[in-house]
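**Q** okay, structure incoming, though there's no sequence with it:
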């Protein structure tokens with residue numbers, strides 16, 4: 001990154017806002033989604049992804065914020081996939097391995113029809129690493 005006040009050109013992110021499947025408890029969703037990450041890491045397609053992160057909504061803090069009048073989310077989690085280009089990430093989402101391995105696993109705990117996906121260019125302006 002050449003300028004600390006610009007967007008990166010060497011990486012992009014795709015963010016997915018996730019909702020658990022009806023009838024699946026929050027605990028079961030969390031357990032299954034964590035296992036899904038391990039499944040993803042075992043695939044060939046994971047080798048071209050630079051970073052995959054899961055963010056699990058903290059229901060207690062979400063409720064406290066709502067009680068304070070804040071507009072809060074109705075998502076169960078957020079997945080962030082980082083790659084060198086949108087083309088790389090999109091090629092994974094259309095790959096045979098993704099469709100045969102990850103999609104069937106997703107469908108066990110995730111309401112894919114309610115998942116919202118956002119492609120993002122990003123800049124990092126503070127990082128303590």
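**A** In hand now; what should we look at? None of these values were measured; they are calculated from a predicted model.
**Q** give me the contact list for the longest helix along the chain.
**A** As assigned by DSSP state H, the longest helix anywhere in the chain is helix 26-41. By Cβ atoms under 8 Å, 6 or more residues apart in numbering, the list of residues contacting helix 26-41 from outside reads 18, 20-21, 24, 46, 52, 54, 56, 59, 76-77, 101-102, 105-106, 108-110. Where C-beta positions appear, they are placed from N, C-alpha and C, glycine not excepted.
**Q** what does stretch 49-58 give?
**A** 11, 30, 33-34, 37, 40-41, 46, 73, 75-84, 88-89, 92.
**Q** cutoff 7 Å now
**A** The contact list for stretch 49-58, computed with Cβ atoms under 7 Å, 6 or more residues apart in numbering, reads 11, 30, 33, 37, 40, 73, 75-84.
**Q** Produce a PyMOL select command limited to the buried residues of those.
**A** With 16 or more other Cβ atoms under 10 Å as the criterion, this PyMOL line picks the buried residues out of the contacts of stretch 49-58:
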select buried, resi 11+30+33+40+75+76+77+78+79+81+82+83
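**Q** quick one: the strands in the protein, in order.
**A** Ranges of strands within the chain are 12-18, 51-56, 77-83, 116-120, based on DSSP state E.
**Q** and the residue nearest the centre of the protein?
**A** With distances taken as Cα atoms, centre = their mean, the chain has residue 79 as the residue nearest its mean C-alpha position (1.0 Å).
**Q** now that residue. Nearest residue, chain neighbours left out?
**A** Residue nearest to residue 79 in three dimensions, not counting chain neighbours: residue 16, with 4.5 Å by Cβ to Cβ, 6 or more residues apart in numbering.
**Q** inside helices: which ones of the contacts of helix 26-41?
**A** 59, 105, 106, 108, 109.
**Q** please check the residues you listed and keep the buried ones.
**A** Buried members of the ones in helices among the contacts of helix 26-41, counted by 16+ other Cβ under 10 Å: 106, 109.
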